[in-house]
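Chemist: missing the sequence, but the structure's below:
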């Protein structure tokens, strides 16, 4: 089974976790795009969605799903999103698609976080995938030096030779060489550094359920 087929599989499986008649949170990325396609088949059973990126908002609206501003809702029944890595405790690294800050905001609104991934994203310890950190541009160099002091290496994410600009108007550092043994403490530590908007460790907003696409079908893990 190809990776694309695994993504389709978990995207469809996530429909079982969508509460009827509620507004739901929708993440960003190639796996979530499969979920959005599946969600369109039951769009009349939900009120709409809060989206974590401009790209997902446009995709949802194109399929006739109403998108609400996050400030207009008190809570969400569920948040469905992918991950770049997920460990055995439901802690994740996210931000490969540069939407980590809005993803964390939407996750914080949701009663449950359902993570949809293929089995290649499952790790015993976070850090294999370069950690995305959204930063205010003037702080990028200083924050890079702080990661250097930890024995890691931060690289400014670029597109066509220019710094990538997020939906929030900020930049992204991708940090290589980390071994994140205590994701909760690490997230809290880095979030305190001046100039950090969001670190891509999702420990405070960890997954409650993971739907993992495997060659033998979808495996469900609860945390």
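Modeler: Ah, there it is. A quick note: this is a predicted structure, and the numbers were derived from the prediction, not measured.
Chemist: Just give me the neighbour total for the nearest residue to residue 217 once chain neighbours are set aside.
Modeler: Of all residues not flanking residue 217 in the chain, residue 9 sits nearest, at 7.3 Å (Cβ to Cβ, 6 or more residues apart in numbering). Every residue, glycine included, has its C-beta placed from N, CA and C. Other residues within reach of residue 9 by the criterion other Cβ atoms under 10 Å amount to 20.
Chemist: Identify the residues contacting residue 9.
Modeler: Residue 9 is in contact with 1, 213, 217, 218, counting by Cβ atoms under 8 Å, 6 or more residues apart in numbering.
Chemist: what helix or strand is it on?
Modeler: Taking DSSP states H and E as the definition, residue 9 sits inside helix 3-13.
Chemist: out of the contacts of residue 9, which are buried?
Modeler: The neighbour-count test (16 or more other Cβ atoms under 10 Å) applied to the contacts of residue 9 identifies 213, 218 as buried.
Chemist: Lowest-confidence entry in the contacts of residue 9?
Modeler: The lowest pLDDT within the contacts of residue 9 belongs to residue 1, which sits at 83.
Chemist: I'd like to know how far that residue sits from residue 118.
Modeler: 9 Å (Cβ to Cβ, to the nearest Å).
Chemist: Neighbours of residue 181, how many?
Modeler: Using other Cβ under 10 Å, residue 181 has 10 other residues around it.
Chemist: Let the chain start at 724 from now.
Modeler: Noted, 724 is the first residue going forward, which turns the last one into residue 904.
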